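Asker: I would like the atomic coordinates for the input below:
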Amino acid sequence: MESRLTRILLGAWVVGVLAFLFIPIGIILLYAFNASNVQSWPIPGFSLKWFPETFANREVRMALWLSVKAGVIATILSVCLGTMAAFAVHRFRFYGREALSFIVVLPIALPGIITGMALNSFFVFWHLPLSFWTIVIGHTTFCIVIVYNNVLARLRRVSASLSEASMDLGANAWTTFRRVTFPSISTALIAGGLLAFALSFDEVIVTTFTAGAQNTLPLWIFGAIRLGQKLPEVNVIVLVVTAVTFVPILLAYRMTARASQD
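Answerer: Coordinates of the predicted model:
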């Protein structure tokens, strides 16, 4: 049994780690409502004036739309490819099965800069110009992992006897998938898609190597911070990005937790 002192120390450690991670983010989000364009503490006053100014910026709107569009397309591709890979690894036994699983998971394990450099080298080798579609390809490579892990974990929990019973009752493979398998993994698909979109939306390292002249929202933030002339707008965009990424993650967590209780 853990002593009272151990529980207190562990609790203090957890609080310290959470504070270290989230207090800086909270301060940046608070600066989005700063009435001054100078980031000083304490904040001299609060205002919403930076929000309309930020979204009146055409460059910001275009970057936001490009990030959303790339995230949606990358998510759709990731759901399709990640689901097929999960079914292949779960349902079939073939030579190289473990190697395939390792290759699918590898992009999320590697540092983003390595993945980005590898993709950039691939595009250069095949003389593919950097464009919107290279961004989508780059994001899809690591978003597949999220969907793959979610679907594979759910498939391992679904009893094979359900599909066998459906086939015994005369259903073909498509009917069995539509009426038995798909409802069983639907929450895993949705949760994986939400997490994939959240990961794609705020990915900056891979985007840097695959964007070319395209200016997505993370790249716009990076450029604005480097120049230092639009920090109030950056704070507003950080607030928006945090909200856009937090909501899918929260929904995915709720759905996964609910499915695990069923």
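Asker: alpha carbons only for contacts and neighbour counts from here, please
Answerer: Will do.
Asker: Is it correct that residue 171 falls within a strand?
Answerer: No. Applying DSSP: H, G, I helix; E, B strand; the rest coil, one finds residue 171 to be coil, outside a strand.
Asker: so where do the helices sit in this protein?
Answerer: Along the chain, the stretches classed as helices by DSSP state H are 4-31, 50-55, 58-91, 97-109, 112-125, 132-157, 160-168, 173-176, 182-201, 205-210, 217-227, 231-261.
Asker: what about residue 192, how many neighbours?
Answerer: Neighbour count of residue 192, defined by other CA atoms under 10 Å: 30.
Asker: pretty sure residue 36 contacts residue 49?
Answerer: No. Judged on CA atoms under 8 Å, residue 36 makes no contact with residue 49 at a distance of 9.8 Å.
Asker: who has more neighbours, the two?
Answerer: Neighbours were counted for residue 36 and for residue 49 using other CA under 10 Å; residue 36 has more, 17 against 14.
Asker: re the thing from before, of the helices of the chain, give the one that comes closest to residue 42.
Answerer: helix 4-31 (10.2 Å; CA to CA).
Asker: Would you mark the buried spots in that closest one?
Answerer: For helix 4-31, burial by neighbour count (16 or more other CA atoms under 10 Å) applies to 28, 29, 31.
Asker: do you know how far the second one is from residue 237?
Answerer: Just to be clear, that refers to residue 29. Noted for residue 29: a distance of 9 Å to residue 237, by CA to CA, to the nearest Å.
Asker: For the helices of the chain, give me CSV that also has distance to residue 41 and mean pLDDT.
Answerer: Listed next are the helices of the chain as CSV, based on distance: least, CA to CA, whole Å; pLDDT from 0 to 100:
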stretch, distance to residue 41, mean pLDDT
helix 4-31, 10, 86
helix 50-55, 18, 84
helix 58-91, 27, 89
helix 97-109, 38, 84
helix 112-125, 34, 84
helix 132-157, 37, 89
helix 160-168, 60, 78
helix 173-176, 61, 82
helix 182-201, 30, 86
helix 205-210, 31, 74
helix 217-227, 19, 75
helix 231-261, 14, 78
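Asker: How about the contacts made by residue 249?
Answerer: Applying CA atoms under 8 Å, 6 or more residues apart in numbering to residue 249 gives the contacts 194, 195, 198.
Asker: So what's the residue count around the second one?
Answerer: Right, the one you point to is residue 195. Neighbour number of residue 195 under other CA under 10 Å is 26.
Asker: Excluding sequence neighbours, find me the nearest residue to it.
Answerer: For residue 195, ignoring the flanking residues on the chain, the nearest one in space by CA to CA, 6 or more residues apart in numbering is residue 249 at 5.7 Å.
Asker: And for the last one?
Answerer: The shortest distance from residue 198 to any residue that is not its chain neighbour, by CA to CA, 6+ apart, is 4.6 Å, and that residue is residue 245.
Asker: Mind pulling up the pLDDT for residue 43?
Answerer: For residue 43, the model assigns a pLDDT of 80.
Asker: Test my guess that it contacts residue 34.
Answerer: Yes. Counting by CA under 8 Å, residue 43 does reach residue 34; the two are 6.3 Å apart.
Asker: Give me the more crowded residue out of the two.
Answerer: Between residue 43 and residue 34, counted using other CA under 10 Å, the more crowded position is residue 34 (24 against 14).
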